[in-house]
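# What follows is a predicted protein model with its sequence.
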Amino acid sequence: MPTYRINFNRTADTSVYAAGDVIGSATAAGGAVLTFPGMGGARDNIIITDADLLINLTAVTSGMTSFRLHLYDVTPPGNLGDNAAWDLPAGDQASYLGYIDLGTPVDVGSSLFVQQLQINKMLRMGIGTSLFAYLVTNGGFTPASGTTFYLRIGAVWV
């Protein structure tokens, strides 16, 4: 079973996130799009089996609740940046594959961590081999500047 792990540093600011905001590495258009390369072959079916999120913080931030990972088969045409309100506009609907709820991270000492097991979400890859995503917060909170986020997705090809 292949595992795909990416990481990014969120923007170097402490601008408050509202519930439903996208978390990313830049506020510029497209600065919040995450890319998981090599998730499958073009037009292949895959099953996402599990996912986890590790955040390089030593305590859960006040107001931080759960996270959701919205999935796409191409770079989302909406090109959202960090702290933008997530939306599914008409131009993104054809490439939208649904979402994975990641849950609420817990303090595990020097980091925050949350995992979802037995997701079993079947997807059909688009014309490429990468899966694209937006990480969205379900609760409003004030982030630490430049925090590193690590996302891992486990998948099998079917």
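Cool, the structure landed.
# Bridged to the spatially most central residue of the chain, which residues?
Of all residues in the chain, the one closest to the mean position by Cα atoms, centre = their mean is Leu135, 3.1 Å from it. Beta-bridge pairing for Leu135 (DSSP bridges): Ile23, Leu69.
# Which positions in the lowest-mean-pLDDT helix or strand in the chain come out as buried?
None of the helices or strands of the chain scores lower by mean pLDDT, DSSP states H and E than strand 3-9, at a mean of 92. Residues 4, 8 are the ones in strand 3-9 that count as buried (16 or more other Cβ atoms under 10 Å). Where you see a C-beta, it was placed from the backbone N, CA and C, and this is true even at glycine.
# Looks like Ala26 contacts Asn9 (just checking).
No: Ala26 is beyond contact range of Asn9, at 9.9 Å (criterion: Cβ atoms under 8 Å).
# Residues in contact with both of these two, list them for me.
Here Ala26 and Asn9 share no contacting residue, scored by Cβ atoms under 8 Å, 6 or more residues apart in numbering.
# Pull up the gap between Phe8 and Gln93, please.
25 Å (Cβ to Cβ, to the nearest Å).
# Same question for Met39.
Counting by Cβ to Cβ - Met39 and Gln93 are separated by 20 Å.
# Between these two, which has more neighbouring residues?
Between Met39 and Gln93, Met39 has the larger neighbour count (other Cβ atoms under 10 Å), namely 23 against 9.
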